[in-house]
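Novice: Would you be able to build a 3D model of this:
(one chain, ligands or ions: 1)
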Amino acid sequence: MATEEQDWKIEQQRVDDVTAKINRKMSVLEQEVGESRGDVVGMRKDFWDEVSINFSEQDDVGETSTSLRQQSQVLSELELSHRRSSLTLDKLRRLSSSPYFGRIDFREQGQEQTERIYLGIGSFLDDNEEDFLIYDWRAPVSSLYYDGAPGHATYRTPVGSIEGEMELKRQFVIRDAEIKVLFDTGVTIGDELLQQVLSHSADNQMKNIVATIQKEQNNVIRNDKSRMLIVQGAAGSGKTSAALQRVAYLLYRYRDSLRADQMVLFSPNSMFNSYVSTVLPELGEENMLQTTFQAYLEIRIGREFDLEDVFSQMEYLLAWSDDDGHPARVKGIRYKSSLDYFRAIRRYAELLLQDGMKFRSVRFQGHEIVSSQQMQEKFYSYDPAVKLGNRMELMRDWLLKEVNEFGRRERKEPWVEEQIQMLTTDDYHRAYTMMRRKQKNKTVSFDDFQLETEMAARMVVNNWLKPLRKWVKRLRFIDLGGLYRRLFEDAEWFQRINNGALPDGWEEFAPQTVNRIRQGELGYEDATPYLYLKEQLQGFRSNTAIKHIIVDEVQDYSPFQLEFMKRLFPRARMTALGDLNQAIYSHNSVFDEEEPLMELYGREQTELIRLTRSYRSTYEIVDFTRAMLPGGEQIIPFNRRGHKPVVALYDDREDMHQEIVRNIHELQQQGYQYTAIICKTESECTQAYEALKDQITMRKMTKNTPVFEKGTIIIPAYLAKGVEFDAVILYNASADQYHREAERKLFYTACTRAMHLLYAYSVGEVTPFISNVDAQLYEQNDYRG
Ligand SMILES: Nc1ncnc2c1ncn2[C@@H]1O[C@H](COP(=O)(O)OP(=O)(O)OP(=O)(O)O)[C@@H](O)[C@H]1O
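Specialist: A predicted model of the protein is given here:
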């Protein structure tokens, strides 16, 4: 038997042994999980039986709430341990089908024996609970697999470095407990395996990449020194993948002090959230929290304004025309995303300590309880040394007192009498019982009827004043809209906060801003600045529980937004991943020259890693797309070969539609499951959808589509961020549609979504972003008459 064959046999034998052990462990755990599920279900069902409920006396109420608290604590502990066991069970299931993907033989310096280390998605111990049959890919020793080739090798452990000799490095593909591929490699991670993985079809869920993590990606994943880690990487270089494996790594490395719910991932849209949500559970970890910046803004100010989202802003700007308000708005967007504006808003809040604060008078049914003038006087009567937040608290307490006073006076008013008549007997009785309890120890000095009326009046007024009290408690008496609007109504005020100057274009974009606010709307560019002002005046609602934030597509954030996030999560470390070439929005990108991002936490606390190899697309697609970018030659395509991109020109839409229909049918026949028709805007998507829907089965994706699904979809370019497709068809990549320099990155982003095939169809002349590319890099078909 040849050595290779023998090796294969021995390895298969080991796979059989290990999977048998995993299966044994699984059946024990399955039983435990079944039992704990029963406990949780049972406890949820009997929850209220176990709580002693008694609300009749004050002491009993206290006892009841303690009992409730204890009971729900027991339940949540049970649920947590059940969830953990289920995750372990899922992981074992995956291990039993594919127990490991790598092996290294390592002899530590000074040791006689060579250790065989098998690497899988999780560790697995022999029955003696001492010997590792499988090492977790995140264990310190596993980094040897990703970082080094056979020969002298070193790896870091929390207590220092370990040196030795790597004698063998072997890679496996094991499916259903059977070895499908096995080879020894002299390099870091053999490209063969990567070729195999990458030539697969797209998926509606992102996959974990632990078997083929590249050395430079491993640096991203295991970096735990700096407070701020910036990853600048080409399209398809594995930024998102590395970020997700990094979360899994940090959860493993700091398992005693870090939980998944202390990490937040900020994604570009909600569809992306669903796209990445399976990676961590697949690795046996709970998901971190996932959100979008837009969702956060909605929660914080969505009730105060009709808030524009970033996609609507994008649609507005893409429908560009030179003669309406577009150029002015772009100037506004640029300024409002800058650090200058951030500082100006901070100065504004400081100035308001001395003068200019605006309040909304406290009113009840047309009656002014406290005027805005009185409020202003009160506010400036406090000791100037008292901080803004504290002053607002003093104001709140004072106003609540005033409202209570007012309520007391109001009880005698005729409208209250009228309302009392309308009370039901139940209401009346409740009021009576409540008051009786309050008066428990007092001697009653007037007759019952009088007391009852008094109680009812009190209840009526209290009920009516409840919303107003809530309004005061929420500090809604600060006229935030007015304060923010003033910056664009009053040039003098703006100059005061901006070192005596007005920003470029202020005269043009200021009226736009004011009009919008007057109509109850807030532009996306104003949302974060408004919120920042609000936070300063109402007290910053920072979140200290979060220890790590991951910002994907960071180039889409403005310097202003990142400064804001830093304050929002003051205890957190940050991982920021982005690609300047995909900065599609009009605001300044935090990635511009990387300055704002490098300075956010200070250079000494910041590390920058560049990823230049691109894995998603074939060599031909990367070669074509990088030619659209200045400096694109720095992007290195991975050597997976495919077809050259196809560019086709038509006389009219009808011809183009026919070709799209024909091509999609062909792609379906060839077995491609994920095809995207990418348009420039949502309105173009709607037109194209209407024209094509009777001939092809497809779905139209909008900003509200929550999940990414199989099939043919039609999607605006800005929403396709972060995801990928087997084939991409660019709908009308013409010079008419794409010609402004500002659209280059959007166009590039759309092209780089393709893994295997890329088509650009154009009615008339093709966009200069393509016509300026070397004609050798694509195939052109001109079907014009
Ligand atoms: N080491 C790897 N092994 C296997 N696949 C990889 C590896 N690195 C990246 N990929 C694959 O390449 C594709 C692109 O990865 P990912 O989406 O993480 O890149 P990205 O840099 O975030 O891209 P973009 O900025 O264009 O959205 C994915 O299909 C991912 O699975």
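Novice: Flag every residue of the chain that's near the ligand.
Specialist: Within the chain, the positions near the ligand by C-beta under 6 Å from any ligand atom are 194, 197-198, 207, 209, 212-214, 217, 233, 235-241, 579, 615-616, 722, 724, 752. (Each C-beta comes from the backbone N, C-alpha and C, glycine too.)
Novice: Any idea which residue of the stretch 51-200 of the chain lies closest to the ligand?
Specialist: Of all residues in the stretch 51-200 of the chain, the one sitting closest to the ligand is residue 197 (4.7 Å; C-beta to the nearest ligand atom).
Novice: try the stretch 101-250 of the chain
Specialist: residue 238 (3.0 Å).
Novice: Isn't that residue up against residue 208?
Specialist: No. Using C-beta atoms under 8 Å, residue 238 is not in contact with residue 208; the gap is 11.5 Å.
Novice: So between those two, which is more surrounded?
Specialist: More neighbours surround residue 238 than the other of residue 238 and residue 208, with 25 against 19 (other C-beta atoms under 10 Å).
Novice: what about the nearest residue to that one once chain neighbours are set aside, how many residues close to it?
Specialist: Residue nearest to residue 238 in three dimensions, not counting chain neighbours: residue 217, with 5.3 Å by C-beta to C-beta, 6 or more residues apart in numbering. Per other C-beta under 10 Å, the neighbour tally for residue 217 reads 27.
Novice: Model confidence for residue 217, exactly?
Specialist: Residue 217 carries a pLDDT value of 94.
Novice: And for the one 4 residues further on?
Specialist: At residue 221 the predicted local distance difference test score is 95.
Novice: Helix or strand for it, just tell me which one.
Specialist: Counting by DSSP states H and E, the element that carries residue 221 is helix 215-222.
Novice: CA-only coordinates of that helix in PDB, if you can.
Specialist: Listed next in PDB are the C-alpha coordinates belonging to helix 215-222 (Å, rounded to 0.1, in the frame of the first residue of the first chain):
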ATOM      1  CA  LYS A 215      -2.600  34.600   7.600                       C
ATOM      2  CA  GLU A 216      -3.500  38.300   7.400                       C
ATOM      3  CA  GLN A 217      -7.100  37.500   8.300                       C
ATOM      4  CA  ASN A 218      -5.800  35.700  11.300                       C
ATOM      5  CA  ASN A 219      -4.100  38.900  12.400                       C
ATOM      6  CA  VAL A 220      -7.400  40.600  12.400                       C
ATOM      7  CA  ILE A 221      -9.100  37.800  14.200                       C
ATOM      8  CA  ARG A 222      -6.600  37.400  17.100                       C
END
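Novice: gap between the next helix or strand after that helix and the chain center?
Specialist: Where DSSP H and E defines the elements, the next helix or strand beyond helix 215-222 is strand 228-233. Averaging C-alpha positions (C-alpha atoms, centre = their mean, to the nearest Å) puts strand 228-233 16 Å from its chain's average.
Novice: Each with direction, which strands does strand 228-233 pair with?
Specialist: The pairing partners recorded for strand 228-233 under DSSP bridges are strand 573-578 (parallel), strand 606-611 (parallel).
Novice: and it, what's its mean pLDDT?
Specialist: 94.
Novice: For the helix or strand just after that strand, give me every contacting residue.
Specialist: Following strand 228-233 in sequence order, the next helix or strand is helix 239-253 (DSSP H and E). For helix 239-253, contacts defined as C-beta atoms under 8 Å, 6 or more residues apart in numbering pick out 136, 138, 206, 208-210, 213, 217, 220-224, 231, 233, 258-260, 263, 265, 276, 279-280, 283, 285, 288, 548, 550, 552, 575, 577-579, 611, 722.
Novice: Of these, grab the buried ones for ChimeraX.
Specialist: Those of those that count as buried under 16 or more other C-beta atoms under 10 Å are selected in ChimeraX with:
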select :136,138,206,208,209,210,213,217,220,221,222,223,231,233,258,263,265,276,279,280,283,285,288,548,550,552,575,577,578,579,611,722
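Novice: hmm, back to that, what's near enough to touch the residue of the stretch 101-250 of the chain closest to the ligand?
Specialist: Contacts of residue 238 (C-beta under 8 Å, 6+ apart): 209, 214, 217, 611, 615.
Novice: Residue 174 versus that one, what's the distance?
Specialist: Relative to residue 174, residue 238 is positioned 23 Å away (C-beta to C-beta, to the nearest Å).
Novice: For the longest strand along the chain, which strands pair with it and how are they oriented?
Specialist: Taking DSSP state E as the criterion, the chain has its longest strand at strand 160-175. According to DSSP bridges, strand 160-175 forms sheet pairs with strand 102-108 (antiparallel), strand 151-157 (antiparallel), strand 178-184 (antiparallel).
Novice: Give me the buried positions along it.
Specialist: 162, 164, 166, 169, 170, 171, 172, 173, 174.
Novice: Just put those residues in TSV and tack on pLDDT.
Specialist: Below are the buried residues of strand 160-175 laid out as TSV (pLDDT from 0 to 100):
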residue	pLDDT
162	94
164	95
166	94
169	92
170	93
171	90
172	89
173	90
174	93
